[in-house]
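Engineer: I need the structure of the sequence given here:
(one chain, ligands or ions: 2)
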Amino acid sequence: MSKRKKITVVGAGFTGATAAFLAAQKELGDIVLVDIPQAENPTKGKALDMAEAGPVLGFDANIIGTSDYAETADSDVVIITAGIARKPGMSRDDLVQTNQKVMKSVTKEVVKYSPNTTIIVLTNPVDAMTYTVYKESGFPKERVIGQSGVLDTARFRTFVAQELNLSVKDVTGFVLGGHGDDMVPLVRYSYAGGIPLEKLIPQDRLEAIVARTRTGGGEIVNLLGNGSAYYAPAASLVEMAEAILKDQRRVLPSIAYLEGEYGFEGIYLGVPTVLGANGIEQIIELDLTEGEKAALSKSVESVKAVMQVLQ
Ligand SMILES: NC(=O)c1ccc[n+]([C@@H]2O[C@H](COP(=O)([O-])OP(=O)(O)OC[C@H]3O[C@@H](n4cnc5c(N)ncnc54)[C@H](O)[C@@H]3O)[C@@H](O)[C@H]2O)c1
Ligand SMILES: O=C(O)C[C@H](O)C(=O)O
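Structural biologist: Ligands and ions are numbered 1, 2, ... in the order given. Model (predicted):
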């Protein structure tokens, strides 16, 4: 039997297919791409096409496309991207009812075949969808994780690097809160080469970068015209999956279940975490100013409003 890790990606659309391809290129494991049955079988086609890139790019990974969850059995990590994406004029929250149904049906199948896996949820509105998967799975909170902060932080880092004309590699940041327009980029904890950003960028420019980060998803939605971002979201998923599969203990922002941390209870929210073999191994609590606390509370209210729609 193969000793390679096994990664299932549910939803073989833009984000799912891109994440599968990136994970294969990094040789994180064998990959099962799952989507609903469709007459022409595009899921099988995408998987075969990706596998045929292996000899050219020099990666070893078995990649299969299927609608049969039996093929996902004993996955180490399951990434959920299934559902619908927003179009211009829509908010992520408009997707809640449709995607909640998808989360419930997908989670049942995932749990049936991989009871010990760790799940990373991408589907929007992602804070509420991660909560839905947590409830439906019955898994411990450490093994149900949502992706938003790696992406939101990557956007912030991109804009800062462009502003300063510096390498993105030297820019670090942290975005807290829900994955909505009132997320909280923590400028005070953000650096370029170890130098606080507040020493390098004037206040008004920093504020503009924060505002652009908050609406970064919408910026891409408007540019694409018929769907939402997928390259950076897929890269973010793969960074989180790699941290878990290789037990890297990376300090990355994740959507985690809070039980008192940051003063919130019974809610999934973006916070700094340590990601390793056991999923979320630690939630790191930062000291916040009164202004940051107020901004985080506002973001929590938005997440709670979406959670109230959940059935
Ligand atoms: N959290 C984030 O940061 C973030 C970033 C990007 C996208 N997203 C969200 O991820 C989701 C996917 O985005 P996308 O661009 O890949 O969309 P997409 O439309 O390209 O792909 C979604 C795929 O899900 C499949 N699907 C639908 N119902 C399914 C089911 N029951 N079982 C299996 N597969 C099913 C569809 O057939 C489709 O192939 C959206 O909800 C989007 O808003 C979140
Ligand atoms: O904006 C969206 O709808 C997709 C995703 O949440 C993003 O931030 O790119």
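Engineer: Now the stretch 51-200 of the chain against ligand 2: closest residue?
Structural biologist: In the stretch 51-200 of the chain, the residue that lies nearest ligand 2 is R86 (4.4 Å; Cβ to the nearest ligand atom). All C-beta spots, glycine's among them, are computed from the backbone N, C-alpha and C.
Engineer: Shouldn't that residue be within a strand?
Structural biologist: No: counting by DSSP: H, G, I helix; E, B strand; the rest coil, R86 is not part of a strand but coil.
Engineer: tell me the contacts of it?
Structural biologist: When contacts are counted by Cβ atoms under 8 Å, 6 or more residues apart in numbering, R86 touches R92, D94, L95, N124, V221, S228.
Engineer: Quick check, pLDDT for it.
Structural biologist: Predicted confidence (pLDDT) for R86: 96.
Engineer: what does the one 10 residues further on give?
Structural biologist: For V96, the pLDDT comes out at 97.
Engineer: Same question for M1.
Structural biologist: The score at M1 is 57. That number is its pLDDT.
Engineer: Around ligand 2, pick out the residues from this protein.
Structural biologist: Proximity of the chain to ligand 2, by Cβ under 6 Å from any ligand atom, involves residues R86, R92, N124, L151, H179, G217, G218, I220, V221, S228, A229, P233.
Engineer: Can you tell me which of those end up in helices?
Structural biologist: L151, G217, G218, I220, V221, P233 (DSSP state H).
Engineer: Just put these in CSV and tack on neighbour count.
Structural biologist: CSV is the format used below for those (neighbours: other Cβ atoms under 10 Å):
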residue, neighbour count
L151, 24
G217, 25
G218, 18
I220, 17
V221, 22
P233, 24
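Engineer: What is the three-state secondary structure of T8?
Structural biologist: Applying three-state DSSP: T8 is strand.
Engineer: so who does the closest residue to G218 other than its chain neighbours touch?
Structural biologist: Sequence neighbours aside, D181 is the residue nearest to G218 in space, at 7.4 Å (criterion: Cβ to Cβ, 6 or more residues apart in numbering). Applying Cβ under 8 Å, 6+ apart, we find D181 in contact with R214, T215, G218.
Engineer: Closest one to A39 out of these, please.
Structural biologist: Ranked by distance to A39 (Cβ to Cβ), the contacts of D181 are led by G218 at 33.7 Å.
Engineer: and that closest one, how far is that from M90?
Structural biologist: Applying Cβ to Cβ, to the nearest Å, the value for G218 to M90 is 9 Å.
Engineer: so which pair among the residues of the chain next to ligand 2 is furthest apart in space?
Structural biologist: Maximum pairwise distance among the residues of the chain next to ligand 2 (Cβ to Cβ): 14.8 Å, between R86 and L151.
Engineer: Return the member of the contacts of R86 nearest to N278.
Structural biologist: Distances from N278 to those, taken by Cβ to Cβ, are shortest for N124, at 26.2 Å.
Engineer: So the residue nearest to G218 belongs to a helix, correct?
Structural biologist: No: secondary structure of D181 (three-state DSSP): coil, not part of a helix.
Engineer: Pull the contacting residues for K108.
Structural biologist: E136.
Engineer: So for the helix or strand encompassing G266, what gets flagged as buried?
Structural biologist: Using DSSP states H and E, G266 sits in strand 265-276. Along strand 265-276, these residues count as buried under the neighbour rule (16 or more other Cβ atoms under 10 Å): I267, Y268, L269, G270, V271, P272, T273, V274, L275, G276.
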